[in-house]
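Enquirer: Coordinates for the following, if possible.
(one chain, ligands or ions: 1)
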Amino acid sequence: MASSNKNVSKIKGVNLLAWAEERMPILNNISKRFIQEKPLNGVKIGVALHLEKKTGVLLRTLQKGGAKVSASSCNPLTTDDNVAVALSDEMNIHAWSNQTDDEYYECLINVLESKPDIIIDDGCDLIFLAHKKYPELVNNIFGACEETTTGIVRLRAMQKDNALRFPVVAVNNAYSKYLFDNRYGTGQSVIEGILSATNTLIAGKNVIVVGYGWCGRGIAHRLKGLGAKVFVVETASTSTDGSSGYHRALEALYDGCWVGSLNDVADIGDIFISATGNKHAVGKHHLQKMKDGAILANAGHFNNEIDLNGLESISISSDEILPNVDKYILEDGKHLILLSKGRLVNLSQPTGQGHPIEIMDASFATQALCVEHLVKNYKNLDSSICDVPLTIDNEVARIALESHEIYLEELSEDQKKYLQTWQEGT
Ligand code: NAI
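Expert: Next up is the predicted model:
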């Protein structure tokens, strides 16, 4: 079930998939082995990932390993219809762009009705829905892989309540994922998403980055390179890797950004970008202070980082003036621009293309290898959040380097021994 939109072109989808496939050496390497070894033979995999060309290459890799794939998107706005139509010749696709919330959940239900053995999720909606509505199915699921920070936060809450019924590999927390995907991937693609929606100039603008986690860091660094004056907003919140909002604020300061609270800079920002994983990071009281024409964009997983009800409540009208560009006229006469309806600005169709292909190659290679790990080891894993095995994490980074023809210094046996034992320094 893909789009009925008449402008959708299967040939374009086929070409987009081929374009990505030729530029994903790590997944190609895994595919070759999967074709020979068929490690996923007969395994049913239910997927909820942003359904676009790079995801298509992952799904094909899983099929080459022998899996039966049923896939939907993990967000109502992010399916590339051309790719979805092209893929639906090869596997069960339940996705199209610009879905209502009901349609989005209907597609997740379709995926669960394929009775998957393994789930691949991004944001935990599919895992959460399975636990809430399909208790019998949940008992038979081997395990799942979770792609993003917000999904891990939700899983931690489920684990704390003893609600988790199968092991979930925290793919987001692999070095090969968050160091590159969250930082360089989001850094580049969020700016690309804003530019392709607005065609605005970045140089000289006051850009407020709300949240200096892995995504916020990447966005802020890329903005500086384009000549923006970057202001970072942080909070004393907890975070996924142990460093607090204080540490991240200090890091932003030493990285050369202005740092403080959103209240202090709400009235000078030209562009606001949220990347917090938290609700209402940009609140109604901030929106009221903003200057005429300020642009609002969200990079965080859910569309609750900007208080959209608050925005509605202080507006007298709103109008979609361009694809993914809504103009809100406020009670006091000024206007604000909201991109992608407050959803992921870098992935919302038709202006967002998502992360660069090479970045998703590493993230999705980690996914493919973690699925194989679950198939081989699920019987020995607890129903809890598990780390990506270091062997997989290292393997992905090694193949990525080799695809750039970079080969590193090999340690001698003597050097290895030196690092592992107490030695005198002479
Ligand atoms: P992170 O946990 O590393 O960083 C989040 C930061 O936001 C933390 O430093 C935290 O202190 C700060 N924060 C929390 N509430 C705040 C508030 N009210 N005001 C200011 N700062 C606040 O998370 P990461 O990996 O950077 O991810 C952020 C969000 O982006 C998550 O929702 C994640 O799922 C999503 N994500 C989006 C991607 C995309 O393609 N757009 C890619 C990867 C992740």
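
Enquirer: Report the buried residues of the longest helix seen in the chain.
Expert: Determined from DSSP state H, the single longest helix within the chain is helix 357-377. Going by neighbour count (16 or more other Cβ atoms under 10 Å), the buried part of helix 357-377 is 357-375. (Each C-beta comes from the backbone N, C-alpha and C, glycine too.)

Enquirer: Stretch 23-37 too?
Expert: For stretch 23-37, the neighbour count (16+ other Cβ under 10 Å) marks R23, M24, P25, I26, L27, N28, N29, I30, S31, F34 as buried.

Enquirer: Tabulate the residues you listed (CSV), appending pLDDT, distance to the ligand and secondary structure.
Expert: Below are these laid out as CSV (pLDDT from 0 to 100; distance: Cβ to the nearest ligand atom, whole Å; DSSP: H, G, I helix; E, B strand; the rest coil):
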residue, pLDDT, distance to the ligand, secondary structure
R23, 96, 18, coil
M24, 97, 17, coil
P25, 96, 22, helix
I26, 96, 18, helix
L27, 97, 18, helix
N28, 97, 23, helix
N29, 95, 24, helix
I30, 96, 22, helix
S31, 97, 24, helix
F34, 98, 26, helix
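
Enquirer: where does this structure have low pLDDT?
Expert: Applying pLDDT under 70 to the chain flags the ranges 1-6, 238-241, 423-426.

Enquirer: and the spatially most central residue of the chain, backbone torsions?
Expert: Centroid check for the chain by Cα atoms, centre = their mean gives T148 as the closest residue, at 5.3 Å. Note on T148: backbone dihedrals following degrees, to the nearest 10 are phi -130, psi 160.

Enquirer: if I pick it, what's in contact with it?
Expert: T148 sits next to D122, G123, N172, H301 when contact means Cβ atoms under 8 Å, 6 or more residues apart in numbering.

Enquirer: E103: neighbouring residues, count only.
Expert: 14 (other Cβ atoms under 10 Å).

Enquirer: wait, what's in contact with the residue nearest to it when sequence neighbours are not counted?
Expert: Nearest residue to E103 in three dimensions, chain neighbours excluded: P76, at 7.2 Å (Cβ to Cβ, 6 or more residues apart in numbering). By Cβ under 8 Å, 6+ apart, the residues touching P76 are N98, Q99, T100, D101, E103, Y104, R343.

Enquirer: same question, K12
Expert: Counting by Cβ under 8 Å, 6+ apart, K12 touches N82.

Enquirer: what about the nearest residue to S313 once chain neighbours are set aside, distance to E312?
Expert: Once flanking residues are discounted, S313 sits nearest to K284: 6.9 Å by Cβ to Cβ, 6+ apart. Noted for K284: a distance of 10 Å to E312, by Cβ to Cβ, to the nearest Å.

Enquirer: do the same with A197
Expert: Per Cβ to Cβ, A197 is found 20 Å from E312.

Enquirer: and if you look at C74?
Expert: From C74 to E312 the distance is 25 Å (Cβ to Cβ).

Enquirer: for D117, same thing?
Expert: Distance of D117 to E312, given as Cβ to Cβ: 43 Å.

Enquirer: what's the answer for Y134, then?
Expert: Y134 sits 34 Å away from E312, going by Cβ to Cβ.

Enquirer: Now the residue of the chain found nearest the ligand: phi and psi?
Expert: Taking Cβ to the nearest ligand atom, the ligand has its nearest neighbour within the chain at G213, 1.7 Å off. Phi and psi for G213, reported as degrees, to the nearest 10, are phi -80, psi -160.

Enquirer: And for it, the neighbour number?
Expert: 24.

Enquirer: Same check on V43?
Expert: V43: 21 neighbours (other Cβ under 10 Å).

Enquirer: Please verify my assumption that it contacts A67.
Expert: Yes - counting by Cβ atoms under 8 Å, A67 is a contact partner of V43 at 4.8 Å.

Enquirer: about what we covered before: tell me the contacts of the residue nearest to S313?
Expert: Contacts for K284 (Cβ under 8 Å, 6+ apart) come out as D307, G310, L311, S313, I314.

Enquirer: More neighbours: which of A197 and E312?
Expert: Neighbours were counted for A197 and for E312 using other Cβ under 10 Å; A197 has more, 22 against 11.

Enquirer: My read is that that one contacts V345, right?
Expert: Yes - assessed by Cβ under 8 Å, A197 is found in contact with V345 at 7.3 Å.

Enquirer: where do the contact lists of these two overlap?
Expert: N324, L339.

Enquirer: Got the phi and psi for A297?
Expert: Per-residue torsions, A297: phi -140, psi 150 (degrees, to the nearest 10).

Enquirer: That one - how many residues pack around it?
Expert: When neighbours are counted by other Cβ under 10 Å, A297 registers 31.

Enquirer: before we move on, what about G352?
Expert: 27.

Enquirer: Just give the nearest non-adjacent residue to it, would you?
Expert: Distances taken as Cβ to Cβ, 6+ apart place G193 nearest to G352, at 4.2 Å, with adjacent residues excluded.

Enquirer: what does W214 give?
Expert: Nearest to W214 is N182, by Cβ to Cβ, 6+ apart, at 3.5 Å.

Enquirer: Now do that neighbour against S176, distance only.
Expert: N182 is 11 Å from S176, by Cβ to Cβ.

Enquirer: List, one by one, the residues from the stretch 101-250 of the chain near the ligand.
Expert: 148-150, 182, 186, 210-216, 233-235, 237, 239-240, 245, 248 (Cβ under 6 Å from any ligand atom).

Enquirer: Strands - which of those residues land there?
Expert: Judged by DSSP state E, the subset of those located in strands is V210, V233.

Enquirer: Only the C-alpha atoms, please, for stretch 83-100, written as PDB.
Expert: Extracted as PDB, the C-alpha positions of stretch 83-100 are listed here (Å, rounded to 0.1, in the frame of the first residue of the first chain):
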ATOM      1  CA  VAL A  83      10.700   5.100  -3.400                       C
ATOM      2  CA  ALA A  84       7.700   3.600  -1.600                       C
ATOM      3  CA  VAL A  85       6.100   2.700  -5.000                       C
ATOM      4  CA  ALA A  86       9.300   1.300  -6.400                       C
ATOM      5  CA  LEU A  87       9.900  -0.900  -3.300                       C
ATOM      6  CA  SER A  88       6.300  -2.200  -3.100                       C
ATOM      7  CA  ASP A  89       7.100  -4.400  -6.100                       C
ATOM      8  CA  GLU A  90       9.700  -6.200  -3.900                       C
ATOM      9  CA  MET A  91       8.200  -6.200  -0.400                       C
ATOM     10  CA  ASN A  92       5.200  -5.200   1.700                       C
ATOM     11  CA  ILE A  93       5.200  -1.400   2.000                       C
ATOM     12  CA  HIS A  94       2.600   0.400   4.100                       C
ATOM     13  CA  ALA A  95       3.500   4.100   3.700                       C
ATOM     14  CA  TRP A  96       2.900   7.300   1.800                       C
ATOM     15  CA  SER A  97       3.700  10.900   2.400                       C
ATOM     16  CA  ASN A  98       1.600  13.500   4.300                       C
ATOM     17  CA  GLN A  99      -0.400  11.000   6.300                       C
ATOM     18  CA  THR A 100      -3.000  11.900   8.900                       C
END
